[in-house]
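> Here is my input; please provide its structure:
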Amino acid sequence: MPYDTHADTRTDAEARRAPVSGNPFSVRTGFNALSFKHGMYADAMDPLIMVDHFVMTEPTFGPHAHAGLSAVSILFEDSEGRFNNKDSLGNDIDLMPGDLYWMKAGGGAVHDEKPVPGARTHALQVFVNLPASMKYDAPASLHVKAGDMPVLTGAGYRARVMLGASGSREGAVSPALPMTVLDVSLRDGGRFEHTVPAGETVFVLAAKGEARVAFGGKTEELSRGQSVAFTPSDSEERLILWSTDEAHIAVLQATPLKEDFVQQGPFAMSTQAEVDAMFAAHKAGLLGRIEP
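Residues are numbered from 1 along each chain as shown. Predicted coordinates:
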């Protein structure tokens, strides 16, 4: 979906404070979201560019292009009905509650995502930056069904390994940058632990309830609509989530790129000239089209 253009006017010092509340935005009556952008966290969100926590109940954006990044749809299990994903790669897929869809746009792809009539989609839309060496790759995609995801359970917690690995359980691997995506539900007093390798950033978002998050000697308290991003540690660290009430937490973990980029709308390239060229290519119909 298109990038929210709400400006982030906070200072660098403010951007490093946690937790961070999402910027609310809506489109007509069928799309409501909280948007979290890389500028809100200084460098701590890398390689993530944007995370939108949204509910969509009707077609909203129409077909649109992406380039230089991956667009990832992470559907939560409380979604209702089908979320249709159609793209210029030839895919026409109905995503179901709990599914994940990763589109590596690379050098350019067009897609359209929308709930079918009567459906309600509760999800995250994530833009993941691509390194300069991959920004012109051929597009690729991955659909991970909820039933194929490993599930970790224990006293007071349930964690779906939507992508990557946690503990002894390994899930699917993305078609671009390796990433771990965990969908964690905590009951009253529940506690979940996850080991993060050295050198990886960790983004944690509270989709429901309140929880405490500990990582690298820091502890933060999150309420619904808030998030925190942790910079990499020099050694392996434990991420600990716990709640005195019910909570629903999303965890996204990856190795930062540490590369400069220019992001405008749905494009993220290494220079402004490359972004301008992508807009021109899209206008000329060169980034692909969705077959009727």
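
> Checking the residue nearest the centre of the chain next. Helix, strand or coil?
Taking Cα atoms, centre = their mean, the centroid of the chain lies closest to V126, which sits 2.8 Å from it. Assigned with DSSP: H, G, I helix; E, B strand; the rest coil, V126 falls in the strand class.

> any idea how far T219 is from it?
25 Å (Cβ to Cβ, to the nearest Å). Backbone N, C-alpha and C define where each C-beta goes, glycine included.

> Report the secondary structure element holding V275.
Per DSSP states H and E: V275 is located in helix 272-283.

> Which residues outside that helix are in contact with it?
Applying Cβ atoms under 8 Å, 6 or more residues apart in numbering, the contact partners of helix 272-283 are A65, A67, G68, G108, K135, V262, Q263, Q264, F267, M269, L287.

> Please repeat the previous calculation with a cut-off of 6 Å.
Applying Cβ atoms under 6 Å, 6 or more residues apart in numbering, the contact partners of helix 272-283 are A65, A67, V262, Q264, F267, M269, L287.

> Report the beta-bridge partner residues of the fourth one.
If I follow you right, that is Q264. Counting by DSSP bridges, Q264 forms beta bridges with F267.

> how close does it get to K86?
Note on Q264: its distance to K86, by Cβ to Cβ, is 24 Å.

> Please say which of the two ends up with more neighbours.
K86 (19 against 14; other Cβ atoms under 10 Å).

> where does the protein dip in pLDDT?
Residue ranges of the chain with pLDDT under 70: 1-17.

> mind redoing it with 50?
Scanning the chain for pLDDT under 50 picks out 3-16.

> looking at it, which residue ends up farthest from its center?
The chain, Cα atoms, centre = their mean, max distance from centroid: A284 (29.1 Å).

> gap between that one and T29?
Distance of A284 to T29, computed by Cβ to Cβ: 34 Å.

> and if you look at G39?
G39 sits 29 Å away from T29, going by Cβ to Cβ.

> These two: which is more packed in?
Remark: of G39 and T29, G39 carries more neighbours, 16 against 9, as counted by other Cβ under 10 Å.

> does the more buried one count as helix, strand or coil?
Under three-state DSSP, G39 falls in the helix class.

> distance of it from S21?
14 Å.

> likewise K86?
33 Å.

> Same question for K104.
Using Cβ to Cβ, K104 is found at 30 Å from S21.

> who's more crowded, these two?
Counted by other Cβ under 10 Å, K104 and S21 do not tie: K104 has more neighbours, with 24 against 14.

> That one against P175, yeah?
Yes. Using Cβ atoms under 6 Å, K104 is in contact with P175, at 4.9 Å.
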